[in-house]
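Peer 1: quick one, fold the following:
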Amino acid sequence: MPFAGIPAIGLMYVHRLNNISQLWADCADILERVLDQDSDKIDKVAATYTCAEDEAKAAAARLKR
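Peer 2: As a prediction, this is how the structure comes out:
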């Protein structure tokens, strides 16, 4: 009788993997929609971030002088 719990444990493990794969699929769908609908906004935000980072590096370089 010691093997009676093994199938239940196996099912719990498979269920957990199914939940994880479903979560990844949901996240991929969200990312796809964001990239389709808001790619211009993402480009603008990335450009703004890059500009701010460059300005911060320049200011730090000026302070080191």
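
Peer 1: could you use CA atoms for every contact and neighbour count after this?
Peer 2: OK.

Peer 1: so, low pLDDT: which residues of the chain?
Peer 2: By pLDDT under 70, the low-scoring segments of the chain are 1-9.

Peer 1: how about the helices in it?
Peer 2: With DSSP state H as the criterion, the chain has helices at 6-64.

Peer 1: okay, which residue is most central for it?
Peer 2: residue 27 (7.8 Å; C-alpha atoms, centre = their mean).

Peer 1: could you measure that one against residue 37, distance?
Peer 2: 15 Å (C-alpha to C-alpha, to the nearest Å).

Peer 1: and if you look at residue 26?
Peer 2: 17 Å.

Peer 1: before we move on, what about residue 11?
Peer 2: As judged by C-alpha to C-alpha, residue 11 and residue 37 stand 39 Å apart.

Peer 1: also residue 24?
Peer 2: Applying C-alpha to C-alpha to residue 24 and residue 37 gives a distance of 20 Å.

Peer 1: just residue 54 next, same as before
Peer 2: Residue 54 is 28 Å from residue 37, by C-alpha to C-alpha.

Peer 1: now swap in residue 58 and tell me
Peer 2: Residue 58 is 34 Å from residue 37, by C-alpha to C-alpha.

Peer 1: before we move on, what about residue 28?
Peer 2: 14 Å.

Peer 1: residue 63 too?
Peer 2: Counting by C-alpha to C-alpha, the gap from residue 63 to residue 37 is 41 Å.

Peer 1: done for today, thanks.
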